[in-house]
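Sequence first, then the predicted structure:
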Amino acid sequence: MSNRYSCPDPSRPAADAAIRRPAAGLAVFALLVLWLAVPAVSGAAPGDAAKALEPAGETAEEVPGIERDDSPECMRCHWMETMAYRDRDTRKIVDLSIDRDVYRHSVHADLACRDCHARGYKHYPHRTSSADEALHCVGCHAERGDDGAPDLTDISLEFQESVHAIEASRPFDCFSCHNPHTFRPVEDGAPVEAVVATTNRLCLDCHTKLDTPVPKGHEWLPKPREHWASVRCIECHTPVEGRDMYQPSHALLGAPESNRNCVECHTQGSELLSQLYNYRAAEQREQEGFFAQALYNDAYIVGMSRSPLIDRIGLALAALMVLGVIAHGFGRYLAYRKQRASR
């Protein structure tokens, strides 16, 4: 029987040395790499370390606002999906979570938290009075007009005349419809279907009872879902007079004042659909060119007298007529030359 504690084999030290030599070589190599790397870091300027942590191709000025200043401290809590509280008055859950990726693609992506929110939020837990800060889109946009922020003065005046501002049972403002952490205007050239869906979703997010097969108050409207997939709610729920043909109106009308006349939409050159017409015409010019848009303008909805097939047949007949005139003229020219040659 062998003894675990017997004297070591005389040949063992040589074997151990053979094993230690490669390990020692690797250790020396690792120390050499670290030694060469340390001067590059230790000799760098204080700001170089921060630059090294920036994403490739992104300068400090291009870093989204949610990653600047003390915004990361705010996001330590507000990135959590469960960040919410129950309102004592309405008993509804108020969501306080912010999706980083969605905010990066919002129209306000360059703004840091403290650019809009008062310094009362700097300390945690926040004071109750901090929630009473007055945030005004119109004033902020006026101050940042030089940065490219659009002027919202006219929109504010329209909103003051809307049913939301006059008859709302609770305080109603820009934030009631537009979440500043996610809002992004529909890009120019987006498909008309996307424009309609995005705009109508703002309405249906609050008017959830209308998102049914037979929505209350719209019983007179045949196939409401098909209508809402083709036209925006604001086409009928905003006044036609004084409407900016390139800017959606915010003067929302109540049910009694809204349009219910089918002919106002189902006719060529509808004033109610003029904004959508202008957008679609601009989209077609962008995608197909002005000439193609002029020839194949199909900005109409089901029920109008326009038909793309009939348009194309008409264009083909017109082209044949032009070719016939050219052929007839060329034949007359050849006959004239032959007659003159015979003389």
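Good, I have the coordinates.

drop to CA atoms for contacts and neighbour counts, all remaining ones
Noted.

Can you report how many residues lie near Cys77?
By other CA atoms under 10 Å, 14 other residues sit near Cys77.

So which bits of whichever strand or helix holds Glu73 are buried?
Glu73 belongs to helix 71-78 when assigned by DSSP states H and E. Applying a neighbour-count criterion of 16 or more other CA atoms under 10 Å, one finds Ser71, Pro72, Cys74, Met75, His78 buried in helix 71-78.

Can you give me the neighbour number for the residue nearest to the third one when sequence neighbours are not counted?
To tie it back to what came earlier, the one meant is Cys74. Leaving aside its sequence neighbours, Cys74 sits nearest to Cys113 (CA to CA, 6 or more residues apart in numbering; 7.7 Å). Residues near Cys113, counting by other CA under 10 Å, number 21.

which residues of the protein fall in strands?
Here the chain has its strands, by DSSP state E, at 84-86, 93-95.

Format those strands as a markdown table; extra columns: mean neighbour count, distance to Phe175 and mean pLDDT.
Formatted as a markdown table, the strands of the chain follow (neighbours: other CA atoms under 10 Å; distance: least, CA to CA, whole Å; pLDDT from 0 to 100):
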| stretch | mean neighbour count | distance to Phe175 | mean pLDDT |
| --- | --- | --- | --- |
| strand 84-86 | 12 | 17 | 87 |
| strand 93-95 | 12 | 13 | 87 |
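
Redo these as TSV? Include distance to Arg232.
As requested, the strands of the chain are exported to TSV (distance: least, CA to CA, whole Å):
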stretch	distance to Arg232
strand 84-86	32
strand 93-95	28
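
Out of the ones you listed, flag the one nearest Pro256.
strand 93-95 (32.1 Å; CA to CA).

low-confidence ranges in this structure?
Applying pLDDT under 70 to the chain flags the ranges 1-63, 119, 129-132, 268-269, 277-308, 311.

one more time with 80, if that's ok
Across the chain, residues meeting the criterion (pLDDT under 80) sit at 1-64, 90, 118-134, 168-171, 187-190, 242-246, 266-312, 343.

so what are the domain limits for it?
According to automatic domain parsing, the chain is divided into the following domains: 61-133, 184-314.

Would you mind saying which of the ones you listed lies nearest Leu152?
Checking these against Leu152 by CA to CA gives domain 184-314 as the closest, at 10.9 Å.

quick one: contacts for Arg88?
By CA atoms under 8 Å, 6 or more residues apart in numbering, the contact list for Arg88 is empty.

Tell me, how many residues neighbour Phe184?
Actually, residue 184 is Arg rather than Phe. By other CA under 10 Å, 16 other residues sit near Arg184.

Sorry, slip of the keys, the one I care about is Pro213.
10.

Show the contacting residues for it.
Contacts of Pro213 (CA under 8 Å, 6+ apart): Pro224, Arg225.

on that earlier part again, to Ser156, which of the domains of the chain lies closest?
domain 184-314 (8.0 Å).

what about the closest one, how long is it end to end?
One end of domain 184-314 sits 42 Å from the other (CA to CA, to the nearest Å).

re the thing from before, CA atoms only: put the helix holding Glu73 into PDB for me.
Taking C-alpha atoms only, helix 71-78 is exported to PDB below (Å, rounded to 0.1, in the frame of the first residue of the first chain):
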ATOM      1  CA  SER A  71     -29.700  63.000 -16.200                       C
ATOM      2  CA  PRO A  72     -28.100  59.500 -15.500                       C
ATOM      3  CA  GLU A  73     -28.900  60.100 -11.800                       C
ATOM      4  CA  CYS A  74     -32.600  60.600 -12.700                       C
ATOM      5  CA  MET A  75     -32.700  57.600 -14.900                       C
ATOM      6  CA  ARG A  76     -31.400  55.300 -12.100                       C
ATOM      7  CA  CYS A  77     -35.000  55.200 -11.000                       C
ATOM      8  CA  HIS A  78     -37.000  56.400 -14.000                       C
END
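
Need the residues that contact that helix.
Helix 71-78 has contacts (CA under 8 Å, 6+ apart) with Gly65, Ile66, Met83, Leu96, Ser97, Ile98, Ala112, Cys113, Arg114.

Looking at neighbours, which among these is most surrounded?
Ile66 (23 neighbours).

circling back to that earlier point, make TSV from the buried residues of helix 71-78 and add distance to Ser230 to it.
Listed next are the buried residues of helix 71-78 as TSV, based on distance: CA to CA, whole Å:
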residue	distance to Ser230
Ser71	41
Pro72	42
Cys74	41
Met75	39
His78	37
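
of the residues you listed, closest to Leu221?
His78 (42.7 Å).

and Leu273, how many neighbours?
By other CA under 10 Å, the residues close to Leu273 number 24.

from what I can see it touches Glu235, true?
Yes: Leu273 lies in contact with Glu235 (CA atoms under 8 Å); the separation is 6.2 Å.

quick one on the thing from earlier: show me the contacts for the residue nearest to Cys74.
Gly65, Ile66, Asp70, Ser71, Cys74.

Name the nearest of the residues you listed relative to Ala142.
Ranked by distance to Ala142 (CA to CA), the contacts of Cys113 are led by Gly65 at 19.7 Å.

Double-check that closest one against Val107; I have them as touching.
No: counting by CA under 8 Å, Gly65 sits too far from Val107 to count as a contact (11.3 Å).

Which parts of the stretch 51-200 of the chain are helices?
71-78, 100-104, 113-116, 137-143, 153-160, 163-167, 192-206 (DSSP state H, counting those that start in this stretch).
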